[in-house]
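S.K.: predicted model and sequence below, questions to follow.
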Amino acid sequence: MQYYWRVLPVTAMLNRLKHLIIGDPLPSQALAEKRLNKIRALATFSPDALSSIAYANQEIYLGLVVAGAAGLRLAWPIGLAITALLVIVAISYLQTIHAYPSGGDSYVVARDNLGKTAGLIAAAALLIDYLLTAAVSLTAGVEALASAYPVLWSHRITLALSILLVLTLANLRGLRESGSLMAIPVYLFLFTYLPLLAYGVFQLLVNGPSDLSAVAPAATRPITLILILHAFATGCTALTGVEAISNGVPAFKPPESKNAGQTMIVMAVLMALLFAGSIGLTQSLAVVAQPNETILSALAHTLLGDSFAYYAIQLSTLLILAVAANTSFAGFPRLAAILASDGYLPRQLTNLGDRLVYANGIVALSLATAVLIVVFHGDSHALVPLFAVGVFLAYTLSQIGMVVHWKRESNTGWRIKALINGFGGLITAITLTIVAYSKFLEGAWITVLLILAIVIGFEKIKRHYREVGAQLSLRGLPPSLRPYPPPRVVVPISGVHRGIVDAIDFARSISNRVTGLYIEIEPGSGERVRKEWELWFPDIPLEVRPSPYRSIIGPLLNFLDETDLKHNDGQLATVVLPEFIPAKWWHSLLHNQTSWLIKTVLLYRRRTLGFQRVIIDVPYHLRQ
């Protein structure tokens, strides 16, 4: 361990800090122990779905309030239509859970049944969905808190980014830890909102409905089909997160499909109760939001006043919306890992981190979410128009893919199963058309272009890996197995000191054709270095090249090209680099990183004269 700290002080320090924050590494055999039971799984996969009532209700309200009381009265029938759509989608995905016990996200289903292109489109839509879910949930959560504490409105970005950091660290610690952390906000939300809705129904039964005409603002736009479709389209964001459980079936404890299916049913029932209940009470009690207030805050304020219970409701809304982003942290890294294993994303995304989670995917999602929050100024209303297109595109491709799956299987009852998924696909396709039409100019066009760009990116990455595989393959024309000729060696030096001795000795051990090279930055320094060189290494020639523009790289490359052309011996000169390693990490900041720069330039310089250049690094470790 002492040697480890002496040689790699920076790495050791960073590792200790990492283990302190996210925990000690876990062995691979502990992966089975990290599975989720149904209680933790509901907390991990349902926050997005359950919390979507916050921004979905808000968007329906904002879409209808411009038509006054007459417009707000349409909230209930629109809410019922969306609830019915929710039931259809949930039943469809329940079948996907049992058909794909290894995880049936839209990408896998579309790829297996509709082909590569459909799968990649579904994957791009899903990745965008996960990213926007995280950004919208965090910004909407902060807005819920700011409704109770208006002074926080100017600090929304900072608050959202702070919560994002906490979620990132929790997920880097692993599934069980994140599931345990998410359980508190999820169940707090349920145990505050369900009683709130029950109390609202009681008040409605006792006092009767209120008159919207008395409190609604004056209409500024007439009721039109476009207005109704727009409100329906924005309200459909309530369906985000329905697919999360089918994507994460492998995270459940055995029997995975059974436990995932039961959790899906519970989640769908809770979603329907929360969404339909809150919409119905908002209309029946004639609730109208004030400036800088969300509609759910107005509903809670109407029922509870300024009591402690009201602030508890707002806090639980903030927490559930904050952890709703955890659905993305559960789904995005897993989908990215599947795409990477298929060669459509960088291979690093398939690596399990120290805590048996896809750490690279988690960090990538966190950074992209932070960018969205900053670019859109922490405003959930600005982000929502980008949202639903990707969601329903993925839903539609998944359901159509399941129809093909059942037909291909042709097991007992396959026609009924295909009919259920086919009906779900038809409904989501119709919804997708409505959403795309009504929200295209508001920002949905950005999502469409992003999906196309991501699919093109997938193909370029796949082509790169295919080309690399072809070049590395031993099939076809066999590679040359002739040994390399004795090398010519060039040793760049910064001066004559102990740090270069090991490099010179090593160079002489592999070749009798060794040349030293000194790049003269300061005029006259070359002659001084030559005298010292001849004193210590009289049998090795030294080349001194002036650098009038104070560059080391340019004269070095020119010399290498010249000597290779001069010798023309079927090889490029081997470069042996002396490099001294400081004893402490911060010492590195006090020195030029010339060796690193030379290595980088030589490694990424394309081959010349049809040959590759060998680069050998000889370290010299400084003492404490």
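M.R.: Now that the structure is in, tell me what you want to look at. Numbering: from 1, shown residues only.
S.K.: residues of the helix or strand where residue 501 lies that come out buried?
M.R.: Per DSSP states H and E: residue 501 is located in helix 498-510. Across helix 498-510, burial judged by 16 or more other Cβ atoms under 10 Å covers 499-500, 503-504, 506-508. (C-beta placed from N, C-alpha, C; glycine too.)
S.K.: so residue 517: helix, strand or coil?
M.R.: Under DSSP: H, G, I helix; E, B strand; the rest coil, residue 517 falls in the strand class.
S.K.: tell me the bridge partners for it.
M.R.: Residue 517 has these beta-bridge partners by DSSP bridges: residue 492, residue 543.
S.K.: show me what contacts the closest residue to residue 45 other than its chain neighbours?
M.R.: Of all residues not flanking residue 45 in the chain, residue 244 sits nearest, at 4.4 Å (Cβ to Cβ, 6 or more residues apart in numbering). Taking Cβ atoms under 8 Å, 6 or more residues apart in numbering, we find residue 244 in contact with 45-46, 48-49, 327, 330-331.
S.K.: same check, this time on residue 130
M.R.: So residue 130 contacts 327-328, 331-332, 335, 365 (Cβ under 8 Å, 6+ apart).
S.K.: tell me the least confident of those?
M.R.: Here the lowest pLDDT out of the contacts of residue 130 sits on residue 327, with 75.
S.K.: ok, that one touching residue 47?
M.R.: Yes: using Cβ atoms under 8 Å, residue 327 is in contact with residue 47, at 5.7 Å.
S.K.: anything in contact with each of those two?
M.R.: With Cβ under 8 Å, 6+ apart, residue 327 and residue 47 have common neighbours residue 241.
S.K.: for residue 381, see how far away residue 327 is.
M.R.: According to Cβ to Cβ, to the nearest Å, residue 327 stands 21 Å off from residue 381.
S.K.: as CSV, the contacts of residue 130 with distance to residue 305 would be great.
M.R.: Shown next, in CSV, are the contacts of residue 130 (distance: Cβ to Cβ, whole Å):
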residue, distance to residue 305
327, 33
328, 35
331, 39
332, 40
335, 44
365, 39
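S.K.: just those: which are in strands?
M.R.: Judged by DSSP state E, strands contain none of the contacts of residue 130.
S.K.: quick one: which of those is nearest residue 257?
M.R.: residue 331 (17.5 Å; Cβ to Cβ).
S.K.: can you get me the start-to-end distance on stretch 515-524?
M.R.: End-to-end span of stretch 515-524 (Cα to Cα, to the nearest Å): 20 Å.
S.K.: check the offset of it from the chain's centre.
M.R.: The chain centroid and the centroid of stretch 515-524 are separated by 48 Å under Cα atoms, centre = their mean, to the nearest Å.
S.K.: buried stuff in that stretch?
M.R.: 515-521.
S.K.: do stretch 321-341 as well
M.R.: Quick answer for stretch 321-341 (16+ other Cβ under 10 Å): 321-340.
S.K.: which residue sits closest to the most centrally placed residue in the chain, ignoring its sequence neighbours?
M.R.: A centroid search over the chain (Cα atoms, centre = their mean) returns residue 365, at 2.1 Å, as the residue closest to the centre. The shortest distance from residue 365 to any non-neighbouring residue, by Cβ to Cβ, 6+ apart, is to residue 332 (4.5 Å).
S.K.: which residues touch the one you found?
M.R.: So residue 332 contacts 127, 130-131, 134, 361-362, 364-365 (Cβ under 8 Å, 6+ apart).
S.K.: go on, residue 207?
M.R.: Applying Cβ under 8 Å, 6+ apart, no residues qualify as near residue 207.
S.K.: how close does the residue nearest to residue 365 get to residue 148?
M.R.: Counting by Cβ to Cβ - residue 332 and residue 148 are separated by 30 Å.
S.K.: next one: residue 406
M.R.: Taken as Cβ to Cβ, the span from residue 406 to residue 148 is 49 Å.
S.K.: and for residue 426?
M.R.: Taking Cβ to Cβ, one finds residue 426 at 42 Å from residue 148.
S.K.: packing partners for the helix holding residue 501?
M.R.: When contacts are defined as 3 or more Cβ pairs under 8 Å, 6 or more residues apart in numbering; DSSP states H and E, helix 498-510 packs onto strand 489-493, strand 514-520, strand 574-581, strand 615-621.
S.K.: just these: most buried one?
M.R.: Sort those by mean neighbour count, taking mean count of other Cβ atoms under 10 Å, and strand 489-493 sits at the top with a mean of 23.
S.K.: please compute how far it lies from its chain's middle.
M.R.: 44 Å.
S.K.: again with stretch 95-103
M.R.: 23 Å.
S.K.: may I see the buried residues of it?
M.R.: Quick answer for stretch 95-103 (16+ other Cβ under 10 Å): 95-97, 99-101, 103.
S.K.: stretch 409-418 too?
M.R.: 417-418.
S.K.: put the alpha carbons of that stretch into PDB.
M.R.: Extracted in PDB, the C-alpha atoms of stretch 409-418 (Å, rounded to 0.1, in the frame of the first residue of the first chain):
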ATOM      1  CA  GLU A 409     -45.100 -16.900 -30.900                       C
ATOM      2  CA  SER A 410     -48.600 -18.200 -31.900                       C
ATOM      3  CA  ASN A 411     -49.100 -19.700 -28.400                       C
ATOM      4  CA  THR A 412     -52.500 -20.300 -26.900                       C
ATOM      5  CA  GLY A 413     -54.500 -17.000 -26.700                       C
ATOM      6  CA  TRP A 414     -52.000 -15.100 -28.800                       C
ATOM      7  CA  ARG A 415     -54.800 -13.400 -30.700                       C
ATOM      8  CA  ILE A 416     -56.300 -11.800 -27.600                       C
ATOM      9  CA  LYS A 417     -52.900 -10.700 -26.400                       C
ATOM     10  CA  ALA A 418     -52.100  -9.300 -29.900                       C
END
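S.K.: what does it rub up against?
M.R.: 95, 402-403, 406-407.
S.K.: so what's the residue nearest to residue 45 scoring on pLDDT?
M.R.: 79.
S.K.: again, but for residue 349
M.R.: 90.
S.K.: same thing with residue 309?
M.R.: 90.
S.K.: mind listing the helices for the stretch 201-350 of the chain?
M.R.: Using DSSP state H, counting those that start in this stretch, the helices of the stretch 201-350 of the chain run over residues 225-235, 244-247, 256-284, 295-304, 308-341.
S.K.: and the ones you listed, which is most packed in?
M.R.: It is helix 244-247: most buried of the helices of the stretch 201-350 of the chain by mean count of other Cβ under 10 Å, with a mean of 30.
S.K.: C-alpha coordinates for that helix, CSV please?
M.R.: Written as CSV, here are the backbone C-alpha positions of helix 244-247 (Å, rounded to 0.1, in the frame of the first residue of the first chain):
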residue,chain,number,x,y,z
ALA,A,244,-40.3,2.2,-16.3
ILE,A,245,-41.2,-1.1,-14.6
SER,A,246,-41.1,-3.1,-17.9
ASN,A,247,-37.7,-1.7,-18.6
